[in-house]
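> Structure for this input, please:
(one chain, ligands or ions: 1)
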Amino acid sequence: MPGPYDLSQDQLAGLLDGEPAYRVRQVWDGLYRRALPVTELTDLPRALRDRLAADPALQPALTAAAYSVADGAQTVKWGWRLGDGAVIETVLMHYPDRSTVCVSTQAGCAMACSFCATGQAGFSRQLTTGEIVEQVVAAIAEARPRRVANVVFMGMGEPMANYGPMWGAVERLHQDLGFSARHITVSTVGLVPGIRRLAKESLPVNLAVSLHAANDGLRNELVPINRRWPLAALIAACHEYRAMKGRRLSFEWALIDGVNDRPSDADELASLVRPLGAHVNLIPLNPTPGYRVRGTPHAAVRAFRDLLVAEGVNATVRRNRGTDIDAACGQLAGSVILQPLSRPRVPN
Ligand code: SAH
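Prediction:
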């Protein structure tokens, strides 16, 4: 459902018809640079603020239905209820030197990766540009006085399956919220047409590809969309992206015990990614209700990384965040809606 962050400046000017022209800039700055809802734009005359606050086009698109914190308040997850009742989630992660927000691009997901809670839950609907941008604005407001430095499109949904609204959000983040392309990462399950389209955009955002298997037999099982765009097509598109953008790609690899963590998996992975000079992010598989295989134990994760490094691949183990509030990679399913809304507790 469209909200304030779906409006163009011209549309906002239309809502402010009859007001001095500088008001458009003032409200736009309030919404974006100051990340405030119109009700808090106290520098506006009271009557105008009341009029805007009552305008249906300026009602927030997201209502917090659940809020949880983990990792000693360093990870925050929201469950948002949208205007039509759909539910999405957003995760904010604080690090010593920066904060990162992970946004959803769809309510649910149609890609059906077996090990992912969002895939298990299925697809509800596409998000609008404004619904995506508003997640970032909420994170900016929450993080203060810390600064949100990075936005990753790694929440619920497949960004490339909602390309137009997703890219609209990237442009807003860049133009109106001041994020440079280097600090925006779009992650895909491997939709080749999307990667090609991204390669032609003027903003060189980072591309992450969720690989998880380096041969078609295993990848067909883990990531069903591989049947449509098999590895040869996917890797060719990655080479194209790199050639056109000159940006380093990264690959996500959720390590699944006994499934994709054998030395032969490391060898296959190394031979695919080494020519790309790509970075590999290893994540021990997080538990989800619908997938009974467990994550690779830590020692074996390190051994897998060491094998890759020995084969000349730049690989790191990603620190897991938010597993106890189902906020980690692959755990976003909107199930928070069943839990009561709770404000943050002070960690012990
Ligand atoms: N659809 C996009 C954006 C989601 S990013 C994509 O697939 O890239 C979410 C990341 O978490 C993806 O790399 C996904 O494969 C990974 N993931 C899914 N389930 C997971 C799980 N149970 N444990 C760890 N990572 C998982």
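> so what's G14 up against?
Taking Cβ atoms under 8 Å, 6 or more residues apart in numbering as the contact definition, G14 lies against nothing. Just so you know, the C-beta spots here come from the backbone N, C-alpha and C atoms, and that holds for glycine as well.
> secondary structure class for it?
Secondary structure state of G14, per DSSP: H, G, I helix; E, B strand; the rest coil, is helix.
> any idea how far T128 is from the residue nearest to L282 when sequence neighbours are not counted?
Leaving aside its sequence neighbours, L282 sits nearest to V317 (Cβ to Cβ, 6 or more residues apart in numbering; 4.8 Å). Computed with Cβ to Cβ, to the nearest Å, the distance linking V317 and T128 is 36 Å.
> Give the burial count for D306, as a bare number.
12 (other Cβ atoms under 10 Å).
> and the gap between it and the ligand?
D306 sits 20 Å away from the ligand, taking Cβ to the nearest ligand atom, to the nearest Å as the criterion.
> in what helix or strand does that residue lie?
Counting by DSSP states H and E, the secondary-structure element that holds D306 is helix 298-310.
> what's the next secondary structure element after that helix?
Taking DSSP H and E as the definition, the helix or strand that follows helix 298-310 towards the C-terminus is strand 314-317.
> Now tell me what touches that following strand from outside.
Outside of strand 314-317, the residues that reach it under the criterion Cβ under 8 Å, 6+ apart are 277-284, 301-302, 305, 308-309.
> Can I get the buried ones among those as something I can paste into ChimeraX?
In ChimeraX syntax, the buried subset of the contacts of strand 314-317 is picked out as below (16 or more other Cβ atoms under 10 Å):
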select :278,279,280,281,282,283,284,301,305,308
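> out of the contacts of strand 314-317, who's nearest the ligand?
Of all the contacts of strand 314-317, the ligand sits closest to I283, with 4.7 Å by Cβ to the nearest ligand atom.
> List the residues that contact the closest one.
Remark: with contacts taken as Cβ under 8 Å, 6+ apart, I283 is in contact with 252-255, 317-318, 320, 329.
> now do V309
V309 makes contact with A315, according to Cβ under 8 Å, 6+ apart.
> buried sites along stretch 311-318?
Along stretch 311-318, the positions that meet the burial threshold by neighbour count (16+ other Cβ under 10 Å) are 313, 315, 317-318.
> sorry, back to before: where does the helix holding D306 sit relative to the chain's centre, distance-wise?
Distance, stretch centre to chain centre, for helix 298-310: 26 Å (Cα atoms, centre = their mean, to the nearest Å).
> how about the residues of the stretch 1-150 of the chain near the ligand?
Taking Cβ under 6 Å from any ligand atom, the part of the stretch 1-150 of the chain that reaches the ligand is made up of 111, 113, 115-116.
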